[in-house]
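J.: Let me see the structure of the following:
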Amino acid sequence: MFGGKPGTDAREGVTLIAEEAFFHGTLAAKGSLRVEGAFEGDIADAVDVEVGAKGRIHGNVAAETVVVAGEIVGNVVAARSVELLSSARLTGDVRAPKLKIDEGAFFEGACAMGGADAHPRRRRRSDPEADKAPEPGEPVS
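T.: Residues are numbered from 1 along each chain as shown. The predicted structure is shown next:
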């Protein structure tokens, strides 16, 4: 119906929260979402979430990719990547395999990187003596 980018799936739409709009609630966006206005609530199941320079989200975001130029106050989980542009403000925790933060962006929170299949690489030892540091002059085995 509308002219899309060549090679994109016509079933995948873009949902727009315009600059003058305010949305309150939970949104399950099956395609892409662009927030230019104010959004209060959680966003789930989105492919791409873009927060414009004047866009504000107060809630949690779950998507494949998240690009922020505006503000998010809440946790962000991305299957592929999170990018904070220079004007971005993110207050909350991030979980994503890739995180890019441009100079000038504000980020306050914790970050966990790695895919869903990532496991800690630390080996646990059953012998508590094995973790003890050697005494000075004692040979290291």
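
J.: If His24 is in a bridge, with which residues?
T.: Judged by DSSP bridges, the bridge partners of His24 are Glu40.

J.: my read: it touches Asp42, true?
T.: No. Using Cβ atoms under 8 Å, His24 makes no contact with Asp42, being 10.9 Å away. In this view, the C-beta of every residue, glycine as well, is placed from N, C-alpha and C.

J.: of these two, who's got more company?
T.: When His24 and Asp42 are compared for neighbours, Asp42 comes out ahead with 17 against 10, by other Cβ atoms under 10 Å.

J.: Give the full set of residues in contact with the more buried one.
T.: The contact partners of Asp42, by Cβ atoms under 8 Å, 6 or more residues apart in numbering, come to Thr26, Leu27, Gly59, Asn60, Val61, Ala62, Gly74.

J.: most neighbours, which of the residues you listed?
T.: Taking other Cβ under 10 Å as the neighbour criterion, Val61 ranks highest of those with 27 neighbours.

J.: so it makes contact with Ile72?
T.: Yes. If you go by Cβ under 8 Å, Val61 and Ile72 touch, sitting 6.4 Å apart.
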